[in-house]
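S.K.: Here's my sequence, what's the structure:
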Amino acid sequence: MYLNFSDKIPKMNVDEDIDIIRQTRNKVAHCKELDKVEYREIMKLLNKLIKDIDKAILLTEERDFVHKNQEYLKNTLSKISDTMKIFTKDFQDTISALLKSFQLSIKEMQKPFDNLRLGLMLNSNPFFFEKGNNDQEDN
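M.R.: Modelled structure (predicted):
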């Protein structure tokens, strides 16, 4: 059996057609006589076989490869998704650690200013330094 496209094109007799073509090819290869009628018949058969094989290939691509390509695409997208999840997790962990470090640095830098602000607030607010307002401090 040479080609099996019987499930694609039911009336195709590829094996028989190829056998006929092979016999004619052998005649030509061994310098045997080939008349005009036989030549036309073999050309007609070759053209028919080429068209049938082209149809079978097209149907095979449409039917069989579409499913295979869908599976391939699905697997590829799944791998991309898994990679993106890993990348996202790593990225989040890195950014989170950097933000925490940044927050700690800002807090350390802010400490001297916190004391300074408290002193400014105390010095600029007459309430804290007025004698006789001690009554409100007890509340």
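
S.K.: which residues touch V28?
M.R.: Going by CB atoms under 8 Å, 6 or more residues apart in numbering, V28 touches L34. Where C-beta positions appear, they are placed from N, C-alpha and C, glycine not excepted.

S.K.: ok, now I42?
M.R.: 20-21, 24 are the contacts of I42 under CB under 8 Å, 6+ apart.

S.K.: out of those residues, who has the most neighbours?
M.R.: When neighbours are counted by other CB atoms under 10 Å, T24 leads the contacts of I42 with 19 neighbours.

S.K.: For it, give its distance to E33.
M.R.: In this view, T24 and E33 are 11 Å apart by CB to CB, to the nearest Å.

S.K.: picking that back up, from the contacts of I42, which is closest to P112?
M.R.: P112 lies nearest to I21 out of the contacts of I42, by CB to CB, at 95.9 Å.
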